[in-house]
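S.K.: Here you go, sequence then predicted model.
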Amino acid sequence: MPHKLFELFMTSELMEGVRRALEVHLKAAMQRRRVVGSLLFVGMLLLSTPSFAQVRALITIAPPELPVYEQPLCPGDGYIWTPGYWGWDGDYYWIPDAWVLPPEVGFLWTPGYWGWGGEGFLFNEGYWGSSIGFYGGIDYGFGYFGQGYDGGRWENGHFFYNTALNRVDANAIHNVYNTRVNETVNRVSYNGGNGGINARATPEEETAARGRHIGPVAAQTQGALSARNNPQQRFSANRGAPPVTASTRSNAVAVHPKDLPPIEHPAAPNSGNAKQDQKYQKQQENLIAKQNQERQKLQRTQDTEHRQLAKQNAAPERMQQVEQQHQQQTQRMQQGHTQEMQQMQERQSSGGGGSRGGGRR
């Protein structure tokens, strides 16, 4: 008899009824909003992605409005402004805007955006490419007004800045122009759904999406991780007014591991279980120690190559080629370390700390 009851429960008709009842319950709970700012999940989709979030959440509560802030001064020639956005890991948190060096000459940044997927909101991650793709029609400001980019353009291998939209020191950077653009300010941060931006990709934007892409550079990934580890950046703490809206730090490219900033320690675990927190803390310390050892090992390898080149009286062209290789090695290592830290924090936040701190997917 119990077996028959189990078979009956597993029939599609009954399961569909349970699903519908659950949806009604969730909608009623959302309407009551007994707890201010409570976030109710429809589901969590865990996807392996090579960029910022690692976790893409399908949620029913719309992202907060975009904050209002001043743009910091461009730190130098070649940097491109990249808009901030609301990240998610069970709570929204603001990832600040930043000036970033593109991975290649001629590349522009297509911002990520939140979009309604029929049952919840899903984040579409940004990318570098030779043209701007679709970013949801979101008005991020400073040249990103919902379509394309009016903040600057590439000409003959140099990036020219539109000073009408960006803070640039024209005494230090001479490749500038001034073209005013009429903007209708809209702080809505998502596409589609109730109250979202009603925009669809143009054929040109669809073509850009199919083109060659490069994901976020290491500095962007590190910036997202730093924001996630800052409790004050969370919507539950700042109510939509994060203390850090735009980063004043630039992503000066590190050539060697010794040029990298110290590894940033994650926030102390606080699961409510002291024994579990100690375990998580140990995992974090082990991962940081492992990554420091990998930095030292790569630095020793690069130092050996420097000594060999000096002994050989290598030509300047060869020296430059090796330095470019070292820079690529260092950036790949930093990107991998950031992803390792993100993945470990995701496992810990879901209660699955595991036995190792790190490892790639």
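M.R.: Nice, thanks for sending it over.

S.K.: Please make it C-alpha for all contacts and neighbour counts, starting now.
M.R.: OK.

S.K.: Quick check, Q331 in contact with A218.
M.R.: Yes. At 6.4 Å, Q331 counts as touching A218 under the criterion of Cα atoms under 8 Å.

S.K.: out of these two, which sits in the busier spot?
M.R.: Taking neighbours as other Cα atoms under 10 Å, Q331 and A218 compare with A218 leading, 24 against 21.

S.K.: Would you mind giving the secondary structure of the closest residue to that one other than its chain neighbours?
M.R.: Excluding the flanking residues, the one nearest A218 by Cα to Cα, 6 or more residues apart in numbering is Q335, at 4.9 Å. For Q335, the assignment made with DSSP: H, G, I helix; E, B strand; the rest coil gives helix.

S.K.: Tell me who's in contact with Q335.
M.R.: When contacts are counted by Cα atoms under 8 Å, 6 or more residues apart in numbering, Q335 touches V217, A218, T221.

S.K.: The residue lying closest to the first one once chain neighbours are set aside and S271, how far apart?
M.R.: The shortest distance from V217 to any residue that is not its chain neighbour, by Cα to Cα, 6+ apart, is 6.9 Å, and that residue is P103. Counting by Cα to Cα, to the nearest Å, the gap from P103 to S271 is 38 Å.

S.K.: and if you look at S349?
M.R.: 8 Å.

S.K.: Now stretch 161-176: buried residues?
M.R.: By neighbour count with 16 or more other Cα atoms under 10 Å, stretch 161-176 contains the buried residues Y161, N162, T163, A164, L165, N166, R167, V168, V176.

S.K.: Quote the end-to-end distance of stretch 264-281.
M.R.: OK, stretch 264-281 end separation, Cα to Cα: 14 Å.

S.K.: Pull the distance from that stretch to the chain's centre.
M.R.: 24 Å (Cα atoms, centre = their mean, to the nearest Å).

S.K.: Show me what counts as buried in it.
M.R.: When burial is assessed from 16+ other Cα under 10 Å, stretch 264-281 yields the following buried residues: P266, P269, Q276, D277, K279, Y280, Q281.

S.K.: And for stretch 220-238?
M.R.: Neighbour-count burial for stretch 220-238 flags 220-229, 232-236 (criterion: 16+ other Cα under 10 Å).

S.K.: now stretch 309-328
M.R.: The neighbour-count criterion (16+ other Cα under 10 Å) identifies L309, M319, V322, E323, H326, Q327, Q328 as the buried residues of stretch 309-328.

S.K.: what about the last one, is that helix, strand or coil?
M.R.: In this case it means Q328. Applying three-state DSSP: Q328 is helix.

S.K.: if I pick it, what's in contact with it?
M.R.: Contacts for Q328 (Cα under 8 Å, 6+ apart) come out as V255.

S.K.: And the first one, by the same measure?
M.R.: By Cα under 8 Å, 6+ apart, the contact set of L309 is M319.

S.K.: pLDDT at it, what is it?
M.R.: pLDDT recorded at L309 is 85.

S.K.: next one: the third one
M.R.: Model confidence at V322, given as pLDDT, is 86.

S.K.: how far does the host helix or strand of it sit from the chain's center?
M.R.: Counting by DSSP states H and E, the element that carries V322 is helix 316-349. How far helix 316-349 lies from its chain's middle: 16 Å, per Cα atoms, centre = their mean.

S.K.: and what of stretch 220-227?
M.R.: In terms of Cα atoms, centre = their mean, the centre of stretch 220-227 is found 7 Å from the chain centre.

S.K.: do the same with stretch 189-202
M.R.: Worked out by Cα atoms, centre = their mean, stretch 189-202 lies 20 Å from the chain centre.

S.K.: What residues sit buried inside that stretch?
M.R.: Buried positions in stretch 189-202, judged by neighbour count with 16+ other Cα under 10 Å: S189, Y190, N191, G192, G193, G196, I197.

S.K.: can I assume the first one is in contact with W116?
M.R.: What that stands for is S189. No. Look at S189 against W116 with Cα under 8 Å: they stay out of range, at 11.2 Å.

S.K.: can you give me the strands in the chain?
M.R.: Using DSSP state E, the strands found in the chain span residues 41-45, 56-59, 80-82, 85-88, 92-95, 98-100, 108-110, 113-116, 121-124, 127-129, 152-155, 158-162, 176-177, 190-191.

S.K.: Go through those and name the closest to T207.
M.R.: strand 127-129 (11.3 Å; Cα to Cα).

S.K.: ok, I132 - contacts?
M.R.: For I132, the contact set (Cα under 8 Å, 6+ apart) comprises L108, W109, T110, G148, Y149, E205, A208.

S.K.: low pLDDT regions in the stretch 51-200 of the chain?
M.R.: Regions of the stretch 51-200 of the chain meeting the criterion pLDDT under 70 cover residues 51-58.

S.K.: please redo it, this time with the cut-off set to 50
M.R.: Scanning the stretch 51-200 of the chain for pLDDT under 50 picks out the ranges 51-56.

S.K.: and V100, how many neighbours?
M.R.: For V100, the count of nearby residues is 24 (other Cα under 10 Å).

S.K.: Might one say that it is in contact with P83?
M.R.: No. If you go by Cα under 8 Å, V100 and P83 don't touch, sitting 10.3 Å apart.
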